[in-house]
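Asker: Predicted model follows, preceded by the sequence.
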Amino acid sequence: MSHLWQRVPGGSVGLRLAVMAMIDAVGTGAFLAVSVPFITHSVGLSEGRLGLGLTLSAAIALGTAIPIGVLADRIGPKKVLVGVSLWRCACFVLYPLVQNLWQFLTVVCLLGLVDKAAAPMEQALVGQATQADDRVRVVAVLRSLRNVGFTVGALLGGIGLLADTRAGYSVILLLNAASFAVLATLAARLPVLSAPAKSLRRRFSASVLKDGSFLSFTGVNAVLTMHMTLLSIGIPLWIVGHTDVSSALISPLVAVNTVLAVALQVRASRGTDTIAGASRALVRAGVSLALCCLLLVAAPKLPVALAVAVLVLAMVALTGGELFQSAGGWGGSYLLAAPGEEGVYLSVFWLGVAVQQIAAPVLVSLVVTTGSAGWVVLAALFALCGLAAPAIGRWAQARADDRARPDPDPSLAETT
């Protein structure tokens, strides 16, 4: 842990960003540990009503992400992040007061208004607060620290689970609210290197929706982020339903993923500060995830001891895909965003991840149900998306060069 702190690039600003990431992750990790038991045990709602609320919240979040990104380009991501954090703080202060379905729906829908805005705002703020050479490494360190923070938060949430009382859950929920208040305070005091020069009267530019290279990059990245669903749903379902390996192996496998992600994320981000480098990282991500799928196909056909070894290798391959996807996605999304429109571009980029989070559980469940053929098809999809990244990168580079090229002087055209 101390080694990570010492490796934070960006000087004092990078260290402040790291503290913010840890506080955010601890609070969120604690909330995730108790959120479902609080609603089902203390409030008494069914799993179906819980799912309804979360679905409505996700739908609202998808609709507000781009408008918030536009606002960030006009007033700056720092101000937006402060506002988003204070909004979330207020919602989590209300959360322990929920007594019935309608109150629950109200709170989660209010949270949904800003739910998908925090990640792009944080990334945009890193871009404004740190030097261009440092920003991808800073984000890599932040992600490593977030993994640590989520683990610490989950342990804190475990205290609430042990108590299993409304009061215990409420303390954890209010702890999460406090984390957002602290986050807003730290974000408000963070110095930035550049400020937005946009007028509030400027109309929304739809250029991001016409930028085929950026949308293609976003799509490829979104497919590769399915590693999250493989970790949480795909591999556990496959182990339980299709192998002779004990389900007790799932927790150690997740621990392998967490440890490797914390230890290697910064190293995986090296060289991704160019479009070509980010594209190469996505190639590695696609190949690694394809290898993970093929190893999973082999596991049910092997004796238990060999199956365990293959599953460990599959988890290592999955983690490699996660590390390279994250690094390549961060680097590419920064570099491909049009200057002055980083907020809306990054919001669209993260919107791709959000759509994947909704669709992937259905797709991965279908893959597990289909069996070996499903895993082979998924492996081909991962490999295809990864291998497409360099061509998309070249397309994006050409578009960026066109944007940077000055317009011809009309007066010169008249004299020729």
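Answerer: Perfect, I can see it now.
Asker: P361 contacts L231, correct?
Answerer: No. In terms of C-beta atoms under 8 Å, P361 does not count as a neighbour of L231; the distance is 12.0 Å. Yep, even glycine has a C-beta here, placed from its N, CA and C like the rest.
Asker: And the two? Which one has more around it.
Answerer: Neighbours per residue, other C-beta atoms under 10 Å: of P361 and L231, the larger number sits with L231, 20 against 15.
Asker: mind checking how far that one is from I172?
Answerer: The spacing between L231 and I172, counted by C-beta to C-beta, to the nearest Å, is 24 Å.
Asker: Could you do V316 as well?
Answerer: 33 Å.
Asker: Then L186?
Answerer: Remark: distance between L186 and I172 (C-beta to C-beta) = 21 Å.
Asker: For whichever strand or helix holds V376, which residues meet the burial criterion?
Answerer: For V376, the enclosing helix or strand under DSSP states H and E is helix 372-404. Going by neighbour count (16 or more other C-beta atoms under 10 Å), the buried part of helix 372-404 is 372, 374-376, 378-379, 381-383, 385-386, 388-390, 392-393, 395-397, 399-400.
Asker: show me what contacts L186?
Answerer: R16, V19, M20, I23 (C-beta atoms under 8 Å, 6 or more residues apart in numbering).
Asker: in the helix or strand it falls within, what counts as buried?
Answerer: L186 is located in helix 166-188, with elements delineated by DSSP H and E. Of the residues in helix 166-188, those with enough neighbours to count as buried (16+ other C-beta under 10 Å) are 168-173, 175-177, 179-184, 186-187.
Asker: How about the secondary structure of Q99?
Answerer: Of the three states, Q99 takes coil according to DSSP: H, G, I helix; E, B strand; the rest coil.
Asker: For I39, see how far away it is.
Answerer: For Q99, the distance to I39 equals 11 Å [C-beta to C-beta].
Asker: the more surrounded of these two?
Answerer: The residue with more neighbours, out of Q99 and I39, is I39; 23 against 10, by other C-beta under 10 Å.
Asker: Run through the residues that contact the more buried one.
Answerer: Contact criterion C-beta under 8 Å, 6+ apart gives L45, L50, G53, V98, F104 as the residues in contact with I39.
Asker: Mind putting these into JSON lines with secondary structure and pLDDT?
Answerer: Listed next are the contacts of I39 as JSON lines, based on DSSP: H, G, I helix; E, B strand; the rest coil; pLDDT from 0 to 100:
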{"residue": "L45", "secondary structure": "coil", "pLDDT": "90"}
{"residue": "L50", "secondary structure": "helix", "pLDDT": "86"}
{"residue": "G53", "secondary structure": "helix", "pLDDT": "88"}
{"residue": "V98", "secondary structure": "coil", "pLDDT": "95"}
{"residue": "F104", "secondary structure": "helix", "pLDDT": "94"}
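Asker: Check those for burial and list the buried ones.
Answerer: Of all the contacts of I39 considered here, the ones buried according to neighbour count by 16+ other C-beta under 10 Å are L45, L50, G53, V98, F104.
Asker: Right, I'll leave it there.
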